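In: My questions are about this predicted structure, shown below with the sequence.
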Amino acid sequence: ANGISDRGDARVVSPHGELEVVLLHDDRLHPTVLHLPKGGWMSAGRCANTLIAPKATDLGGGACYYDERVRLEPA
């Protein structure tokens, strides 16, 4: 969590965009995993798809939603 405390303000950053979040620690997740719930309006800056590249999958040519390497930073 890059030293960010539980319920601390943070930014999730990718090469394509960033989101401001409140970080909630969860020991059930792998330490390198960030879980961002589905939903949220892109116009309100709450959509995970802000962080992903606009590309198609190699299986069927569908969208690659919710799959991107990100960095967690203090806000």
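Out: Everything's here; your move.
In: Spatially nearest residue to residue 29, not counting backbone neighbours?
Out: Counting by CB to CB, 6 or more residues apart in numbering, residue 29 lies nearest to residue 35, which is 6.0 Å off, once chain neighbours are set aside. Quick note: C-beta positions are derived from backbone N, CA and C, even for glycine.
In: do residue 69 as well
Out: If the residues on either side of it in the chain are set aside, residue 69 comes closest to residue 14, at 6.9 Å by CB to CB, 6+ apart.
In: who does that neighbour bridge with?
Out: Under DSSP bridges, the beta-bridge partners of residue 14 are residue 17.
In: pLDDT score for it?
Out: Looking at residue 14, its pLDDT stands at 94.
In: Also residue 66?
Out: pLDDT, residue 66: 65.
In: Start and end of stretch 57-75, how far apart?
Out: End-to-end distance of stretch 57-75 (CA to CA, to the nearest Å): 32 Å.
In: do stretch 39-50 as well
Out: 12 Å.
In: so where do the strands sit in the protein?
Out: 8-14, 17-23, 71-74 (DSSP state E).
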